[in-house]
Structures are given as C-alpha cells and as structure tokens.
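[1] fold the following, please.
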Amino acid sequence: MKSLRLVPVIALLSIGYVAPSVAGDPPVKAVRQYTIEQFMKTIRFNGADLSPDEKTVLFSSNQDGIFNLYEVPFAGGQPKQLTFSKKESLFTLGYLPDGRILYAADQGGNELTHIYLRERDGAVTDLTPGPDAKYQYAGLSHDRKSFYYQSNARNKAAFDVFEMDLATMKPRMMYENPGGYFPGDVSPDRRYVALSKVVTTTNSDVALYDTQTKETKLLTAHEGEVANSPEGFSPDGRKLLIRTDAGSEFAYVTAYDLKSGKSEPLDKANWDISADYYSYKGRYRVVSVNNDARTELKLIDTRNGQAVAMAGLPTGDITGVTIGDSEQRILFFVNSSNAPATLFSYDFTTKKATSLVQGLNPEIDPADLVTGEVIRYKSFDGMEIPALLYKPKDASPTNKRPAVLMIHGGPGGQTRLNYSPLVQYLVNNGYVLLAVNNRGSSGYGKTFFAADDRKHGDADLRDCVESKKFLTATGYVIPDKIGIMGGSYGGYMTLAGLTFTPDDFAVGVDIFGVANWLRTLKSMPAWWGPQRDAMFKEIGHPEKDSLALYNKSPLFHTQRIKKPLIVIQGANDPRVLKVESDEIVANVRKNGVPVEYVTFADEGHGFVKKENEIVAYQAIRTFLDKYLLGKDTALR
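    Below you'll find the predicted structure:
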C-alpha cells in the first residue's frame, strides 16, 4: 500500500523460436527459451555490510533457496555460507564492532521481525524475544558502543525507541512514543530522536524529541499538503537532514541547524531525491535521485562539494551504498532491467572495483534478455502516464504477440527498471509486458501522486485500460489478447479490472490482491500506527465511507467477472488476509468462470522462498499459455 519486497544446476536449454522471415522484417536472431528454474537460479540479495577490519563483506542472499547469511573477502573470492536456515529467511543487519553479527527474521512471513545475535562460533540468541511484537533495527550508535531498535511491544500502534548496550546486551528505553509518530535517526550524542508525523500520504511533519528535556518540538510547521520526513543527522550532530516537497513538485533535501533552527537547501534535482546520507566521519554524502524509474546516484565529497568519479563500473543503477568507517572502502549493488543485482566492492585508494557475487544464472545468455523501455501515453483525461515496456525480440506486425499489463502495489508504489525474473520469463516465452505507473504512483511529482486519491479502482484503472490503445498502436500486440496482473494493490487493480471493466481484459493474475476494502482497512496491522489514518483519508474510512468502499470492492460484484482468473496467496499475509482470496475464488467459481488458486502455507505478503516463487511463476505462465496465448498464437 502507499506504504502498503545455489540450487541444483539445471542444464537443459531448449531452443527458442524464430519468427518466419517476410519481406520488410529485419532478420531475428533465435532466442533460447529458459525454464522458470533457470530464471529463478538468479540470486537475490538483501543488504550488505563491511566487517570492522573492512576485509570481509557480509550479505544475505537466497542462492540456496531461502535467504541466509554469507561472507566473502572484500578483495573477492568464494563466498562462505554462515547460516543454514531451511524454514525462515534471515536478513543481515550488520556487524557489531567485535565481529559478531546481527540479523532479522520473522515467522513465516507474518512481518513480526525479531533481532538476532550470531556469535563468532555460530551460536544464536534472540535479543528481542517478546511475543506478538515487531522489532526494527535502527543502526549502531556513533560511538559504536550500542545499537538502537524500535519496538511496539508496549503499544501495538506505536514504536518506542530502545538502546541496546553492547557490553551487557541489556536495553533501555530512550523514547516512549505517545502515538502518532514514527521514530527515525538518533543524534550522535544521543540527545535527540528524529520523528515523523504522518497526517496523510501527501502531508507529514518532522519533529525532534529531546531526551534531556523530554520535550517534542515541531520543525516543519506549514500550511497545505507538504510531505516532510527526516533523513538523518550529520556526523558532527549539528544538523538534521530533512526531505521535503515544500513549494516543489519533487522532494528535495534541506539541512536543519539544531542550534539556530534555520534550514538551508542541501540537494535538489528535477526528480525526487529518494535518499541522502553521510558517511561515518562525514567525508562523503550519498545522494540517490529517482530519475524516471531509474536510480541516479551521486557520491559527493563534502570537502569540495564535487561528485566523486568511480571508474570501472558496469552500466546500471547503483543502490545499497555502504561506506566503511575508514571511508576508504565501499560496497554497493549494480542492477538494471536486463541484469540482476551484482554485489561490488570498491577501494578509494586503489580505485579498483571488484565484482563479488553476480546475480545472473550463468546458464542464461544475457543477449537473450530484454531491456525495459520507458514510454508514455495519454490517458482518458489527457494526463500523461509513464510505463515500462518489455518487448519480445521477435514481436513484429507479422508476428503479433499477446500482452500483459503489470500493475505495482501501493497504491503509491512505482515499477522501476529493475530486474524481474518473472518479467524476463514471460517475455522470453512470447508475452509483451507493460508495467503501468498509473496516476497515484510515486516518483512523478506530488500532483501525479495525489491524482488517484478517493478515485481508486476508477481513475487509476482507466489509466490501465487506456494503455491498451498504446499497445494496439505498436502493431505487434493482439488487441483482444491483453491481460492484467499485479500484486497487493496491483492485485486489487486486477480484480477491479475484471469486475468493473469486464470486457477490457482477457485474463487476470491476482497476487494477494485486495478484494474487500471494508475488511482490509479494518484489519491493517496495528503497527502501521498513524499510517492507518492516512490510508483512511486517501482510500476511505471503513465506517464513514462504507458505501463507497463497498462499491469499489470486487468481492461484492463478482457476478460481473467473466474472464479467466488465477489467484496466488500466502496463508500468513498480515496485510491482505487469506480469507480475501478464499472468498473471491469461491464467488467467481459460481459464475462458471475458470479460476485457479495457488496458496502457500509458509509465506506472507510477498514470497521469499525460491521454491514457492518457482511454483507461483510456473502456474502464472501455464495459466497464460492456456487462456491468453492459445493455440493460434503459440510460439513457433
């Protein structure tokens, strides 16, 4: 939502298809087809950190089928697996100064994460054993004698801030949240806690809690819809960086002086600045810009304000930048729409970049993958809608292909030019994919972001319907063979499309999508806190706006659905409850419409076990082959 995530080698490669050559068509190279197992042998990462001596890199990846912890030398070498979980995914948080490791894990996808300590001998302790509570890591203290975390154990709707002393491993509460705030960074001297106060999804404030006086001070008093959020404190503790869109369509960053109370612009671009933070000693500042669905990174040397050039890097987005405490070594990931993330190290002294762990399965020829293209089209009211187009290499006016719209979650998410095994798998098998960033998507200015408020399942859905005109105009898409697919809010859009525009989409792929807004809004996790109220204002209140929510909930209008549907759901999903999917499937089956249902007992809102992803993606492809591709457009 608008705040609503080495297996055995399979050597078999089947030869793909070549479109028949006709006059006027350029020659098409044969593209090999790959199995879903081969695509899913791609390695996914989740976080990386440098050891205290900066000789070793810690990371988590799913290369053995589920996320576990690994280490690899900074200079490159063979990764060593540290944990061997078979049930829960383990996500790295980082090293402690003495070389021990912190990681996080929930229980079967329920999102109630705990923080675990792994000793050097492999022994593990749950540092946050409280039941039915969520614990969020908030970083090491600046003096490296403790770490911070947030917990809703006391009040399920509010996160308190704790400091865990590394010598005793005993916590103390630093900030008791009265409710209405999301805690952020802690100042280097421990005096202040930055706070975010969410009013709506487009209106928020930054406040500062003083641990000495116990007072909370508002820093961003304003009128109208302005989104403010704290980024972090400067290493000298004198300034707090604040991201804001005050007087601007796009978010920029200001530096608030804690002593004078004055703010000065720090970084600004023609797109949203998505991240802005300092290295440990403050020599560098990392600035990420959300540039038209790509990440544009600037590493700024604060001594002269100039961007640092790093040679020898491949083309792609640089993300997940971690700078060591010495400020001489750095870690980051590089990825693109046709290349999964690769973990890199970089030494500022030698100016050498080293590829540590590559994400792409070596069985797959990169030349067979497709690069996403940013396109735009006009919607029903003239609003320009951005989207990402993935075209099979042999699609042409003489070899027309079926297409699938891919709708992101959120509703305020954004589909970006990142690698997706599912997208490449479907395109590799002959489907045109169009990822629509409909109105309400983030990254295109606050006017566009707010353009779907109280219009969900209507204006944003019409943006998706209008994309069919663009697809048809390409000349290589079959007009009556366009389906719709999405997860979470994108799953709702899929169900809404089949329900409220029943003749516009040939099939639907619903991945844990909202079917009943009345239930979903009432059952949002308590730890969303003030974000729940923001969602009520954006989408509707389950009591005050019950009629409107009833009217936009597909579950109550399933008699209109007449096109084939597949539903995929995790049993432990805390955001979209499984009963949502159970009921939509049962109701649609009464219509005599083909419905397939795939569930996973050990997943939540988003799948983290590779074997489950393989089952889900294979089921999607089989479903599309049967009900959308059909014999008349089968691959030749």
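[2] ends of stretch 127-140, what's the gap?
    End-to-end distance for stretch 127-140, by C-alpha to C-alpha, to the nearest Å: 15 Å.
[3] if you could redo that for stretch 181-195, that was the one I meant.
    Stretch 181-195 end-to-end distance (C-alpha to C-alpha) = 6 Å.
[4] quick one: that stretch to chain centroid distance?
    25 Å (C-alpha atoms, centre = their mean, to the nearest Å).
[5] got the contact list for it?
    138-139, 141-143, 148, 150, 158-161, 163, 174-175, 177, 196-198, 206-212, 216, 229-233, 235-237, 240, 258, 529-531 (C-beta atoms under 8 Å, 6 or more residues apart in numbering). The C-beta positions use only the backbone N, C-alpha and C, and glycine is treated the same way.
[6] how about Ser420, what does it touch?
    Ser420 neighbours (C-beta under 8 Å, 6+ apart): none.
[7] before we move on, back to that, which of the contacts of stretch 181-195 fall in helices?
    By the criterion of DSSP state H, membership of the contacts of stretch 181-195 in helices covers 530-531.
[8] quick one: buried ones out of the contacts of stretch 181-195?
    138, 141-142, 148, 150, 158-161, 163, 174-175, 177, 196-198, 206-209, 211, 229-233, 235, 240, 258, 529-531 (16 or more other C-beta atoms under 10 Å).
[9] one step back: mind listing which of the contacts of stretch 181-195 are in strands?
    138-139, 148, 150, 158-161, 163, 174-175, 196-198, 206-210, 216, 229-233, 240 (DSSP state E).
[10] tell me if I'm right that Asp272 and Ser441 touch.
    No. Between Asp272 and Ser441 there is no contact under C-beta atoms under 8 Å: 11.5 Å.
[11] out of the two, which sits in the more crowded spot?
    A direct count of neighbours by other C-beta atoms under 10 Å for Asp272 and Ser441 places Ser441 higher, at 27 against 23.
[12] you'd agree the more buried one is in a helix?
    No. Looking at Ser441 with DSSP: H, G, I helix; E, B strand; the rest coil, it is coil, so not inside a helix.
[13] what sits closest to it if chain neighbours are left out?
    Leaving aside its sequence neighbours, Ser441 sits nearest to Gln414 (C-beta to C-beta, 6 or more residues apart in numbering; 4.9 Å).
[14] again with Ser336
    Gly316 (3.9 Å).
[15] doesn't Gly179 belong to a helix?
    No. Under three-state DSSP, Gly179 sits outside any helix and is assigned coil.
[16] how many residues are close by it?
    10.
[17] quick one, phi psi at it?
    For Gly179, the backbone dihedrals (degrees, to the nearest 10) come out as phi 110, psi 150.
[18] helices of the stretch 451-600 of the chain, start to end?
    459-473, 489-500, 517-522, 530-539, 546-551, 578-589 (DSSP state H, counting those that start in this stretch).
[19] confidence-wise, which of those helices is weakest overall?
    Among the helices of the stretch 451-600 of the chain, helix 530-539 carries the lowest mean pLDDT, a mean of 84.
[20] residue contacts, Ile620?
    So Ile620 contacts 422, 426, 485, 509, 566, 568 (C-beta under 8 Å, 6+ apart).
[21] number of nearby residues for the last one?
    Burial measure for Ile568: 26 neighbouring residues, criterion other C-beta under 10 Å.
[22] beta partners of it?
    Here Ile568 sits in beta bridges with Ile511, Val598, going by DSSP bridges.
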